[in-house]
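K.L.:
Give me a 3D structure for the following:
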Amino acid sequence: MAHVRGKARLTSQPGAQTLLYVHSLIGRERQRGPPEFAMTTAQALPHGINLQDPRLFMNDQAHDAFRVLRAEAPVHWNPGTEQLNGFWSVTKYADILQVSRHPELFISSKGIAGSGLRALDATGTQANQGNVSIITMDPPRHVKMRRLVNKGFTPRAVNAMEPQIRQVTNEILDGIAGRSSCDFVLDVSSQLPLAVICGMMGLERDVWPLMFELTNSVLGSGDPEYQADVPEEERGSGEAARRTAMMGRMRMVEYFREVLERRRREPGTDLPSILLESEVDGEKLTEGDILAFCFLLILAGNETTRNAISGGLVAFSQFPEQKRRLLSDWSLVESAVEEICRWTSPLHHMSRVATADTEIRGQRIAAGDRVIMWYPSANRDEEVFADPYTFDITRDPNEHLAFGIGEHFCLGAGFARKEIRVMFEELFRRFPNIEVTAPPDRLRSNFINGIKHLQVAY
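P.N.:
All right, here's what the predicted structure looks like:
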């Protein structure tokens, strides 16, 4: 391993030292990990690397493991546990393209996060639940449902919102201006995307904190910090995660039921009003369809963008010469945004299920097998990105997969890019000396690449 800028960095090929390092970190995680993440057959996993265990991601060690996997086991089977399904891990850029561009062969309607519970798959419950949201729909219905809201996310719509996004950004920064330090996540990065998506949904400012809380409960359900409604002695378990996510989802759905009732009486121009008037194949959407839409838009509209902004500030602190370069040449801001997205990869993975027997990189994938695509690994694939472990705001080309690709390319990618750009333009204009003063407090999750807290001084 080579040490660059005070941080351990792997050499170009995984050697003995790299493998020893990975073995040691996995060994520590195996000892500490709860039983639902224990490996059923350790010998079946390359170098014992278990991507099912969120601690690997919480401790920011996954990139070292991914580098080994890309070189030695780019497509490999994880047998799962008694509770969790087995799955194929796909870690190379080209292979993720193959899966993403064939939605007829690799479907989303059986769940898109994690490997899933064996009990749910056995009863079919999981598959039934998957068909309520566009992110877990397959063509052709997915395409028709997506078109209903597409016009609100076009480049023209995004650009029209820029003045408002800039105004909100400066209001947020006004809130920290009288201090010398803050928690960047709670006070800054979470506030902008939350304000934008809540505004599009027509939600009043006084409920924005509730949307933040419920987003954390659903997408951060595996983290003990967000398991407030679970007895302390049970926090950190798989059951606590399931209960936390379920309660968060129920509360959000109930809230939006009330929103829809108000919009029926007093229609507006917001997204819930548009959905209430929309039709697919001549039929109005069901209330379940609309609730699923609202649920997805709130979650996806604020969580990943906040983590890209937070992770971007961490990257600028780790690579200060890149920050100086941007401050001296703001024409680089668009390429800087793309590099922030590549570097942070706010979503660790998406899951698909094979509909027929197939093959990826010589590995036989059976019909019904689950396939998980690891985006942070693809975005550091040495065959695609030169010097991928360097944060370089001038990187060109930079065809990262932070927003996915194919049928399920992120609907809100345009807004995410705009919010990241405006935030760093205004943040560095007003606080050019802002710096990270403590290691990021990362989310315990192998699905969301989250930062819960980030202490900064300015």
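K.L.:
Report the beta-bridge partners for the most centrally placed residue in the chain.
P.N.:
Centroid-nearest residue in the chain: Leu347, 2.4 Å away (criterion: Cα atoms, centre = their mean). Leu347 has the following beta-bridge partners by DSSP bridges: Ile448.
K.L.:
these two touch, right, it and Ala402?
P.N.:
Yes - contact criterion Cβ atoms under 8 Å: Leu347 and Ala402 qualify, at 7.4 Å. Yep, even glycine has a C-beta here, placed from its N, CA and C like the rest.
K.L.:
Overlap in contacts, the two.
P.N.:
Overlap between the contact sets of Leu347 and Ala402, as judged by Cβ atoms under 8 Å, 6 or more residues apart in numbering, is given by Tyr375.
K.L.:
one step back: and the gap between the residue nearest to the centre of the chain and Pro397?
P.N.:
Leu347 sits 21 Å away from Pro397 when distances are taken as Cβ to Cβ, to the nearest Å.
K.L.:
do Thr154 as well
P.N.:
Taken as Cβ to Cβ, the spacing of Thr154 relative to Pro397 amounts to 24 Å.
K.L.:
Can you check the pLDDT for the residue sitting furthest away from the middle of the chain?
P.N.:
Here the chain has its C-alpha centre computed as a mean, and the residue farthest from that point, by Cα atoms, centre = their mean, is Arg265 with 35.5 Å. The score at Arg265 is 97. That number is its pLDDT.
K.L.:
and if you look at Glu334?
P.N.:
Among the per-residue scores, Glu334 holds a pLDDT of 98.
K.L.:
Give me the three-state assignment for it.
P.N.:
Using DSSP: H, G, I helix; E, B strand; the rest coil, the secondary structure recorded for Glu334 is helix.
K.L.:
Spatially, what comes nearest to it if we skip its sequence neighbours?
P.N.:
In space, and not counting its chain neighbours, Glu334 is closest to Arg421: 7.0 Å by Cβ to Cβ, 6 or more residues apart in numbering.
K.L.:
burial of the one you found, as a residue count?
P.N.:
Taking other Cβ atoms under 10 Å as the neighbour definition, Arg421 ends up with a count of 18.
K.L.:
what's the offset of the one helix or strand it maps to from the middle of its chain?
P.N.:
Counting by DSSP states H and E, the secondary-structure element that holds Arg421 is helix 413-430. Averaged C-alpha coordinates place helix 413-430 at 18 Å from its chain's average position (Cα atoms, centre = their mean, to the nearest Å).
K.L.:
the helices in the stretch 251-400 of the chain, which residues?
P.N.:
271-277, 287-318, 320-328, 333-344, 375-378 (DSSP state H, counting those that start in this stretch).
K.L.:
looking at these, which is closest to Gly222?
P.N.:
When these are compared by Cβ to Cβ, helix 287-318 sits nearest Gly222, at 13.8 Å.
K.L.:
between that closest one and helix 413-430, what angle do the directions make?
P.N.:
Taking axes from the mean of the first three to the mean of the last three Cα atoms, to 10 degrees, helix 287-318 and helix 413-430 form an angle of 40 degrees between their directions.
K.L.:
could you give me the average pLDDT of helix 287-318?
P.N.:
Summarised as a single mean, pLDDT over helix 287-318 is 96.
K.L.:
what comes up buried for it?
P.N.:
Neighbour-count burial for helix 287-318, counted by 16 or more other Cβ atoms under 10 Å, picks out 289-318.
K.L.:
got it, and stretch 181-190?
P.N.:
Applying 16+ other Cβ under 10 Å to stretch 181-190 flags Cys182, Asp183, Phe184, Val185, Asp187, Val188, Ser189, Ser190 as buried.
K.L.:
Going by distance to Asn159, which of those residues wins?
P.N.:
Nearest to Asn159 among the buried residues of stretch 181-190: Ser189, at 22.2 Å, using Cβ to Cβ.
K.L.:
now Asn216, nearest residue through space, not along the chain?
P.N.:
Using Cβ to Cβ, 6+ apart and skipping residues adjacent in sequence, the residue nearest Asn216 is Tyr226, 4.8 Å away.
K.L.:
For the one you found, list the residues it contacts.
P.N.:
Contacts were defined as Cβ under 8 Å, 6+ apart; by that measure Tyr226 touches Asn216, Ser217, Gly220, Thr244.
K.L.:
again with Lys418
P.N.:
Contacts of Lys418 were listed using Cβ under 8 Å, 6+ apart, and they are Val158, Asn159, Met161, Glu162, Ile165.
K.L.:
Spatially nearest residue to the fourth one, not counting backbone neighbours?
P.N.:
Put plainly, it is Glu162. Once flanking residues are discounted, Glu162 sits nearest to Lys418: 6.2 Å by Cβ to Cβ, 6+ apart.
K.L.:
Now do the contacts for the spatially closest residue to Ala356 that is not a sequence neighbour.
P.N.:
Counting by Cβ to Cβ, 6+ apart, Ala367 is the residue found nearest to Ala356 once chain neighbours are left out, at 5.0 Å. Ala367 makes contacts with Ala354, Thr355, Ala356, Asp357, as judged by Cβ under 8 Å, 6+ apart.
K.L.:
Save those residues as CSV, and put in neighbour count, pLDDT and distance to Leu260 too.
P.N.:
What follows is the contacts of Ala367, written out as CSV (neighbours: other Cβ atoms under 10 Å; pLDDT from 0 to 100; distance: Cβ to Cβ, whole Å):
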residue, neighbour count, pLDDT, distance to Leu260
Ala354, 20, 98, 36
Thr355, 16, 98, 34
Ala356, 11, 98, 39
Asp357, 12, 98, 43
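K.L.:
Among those residues, which pair sits farthest apart?
P.N.:
Thr355 and Asp357 (9.5 Å).
K.L.:
what ranges of the chain fall below the confidence cut-off?
P.N.:
Residues of the chain meeting the criterion pLDDT under 70: 1-43, 120-132.
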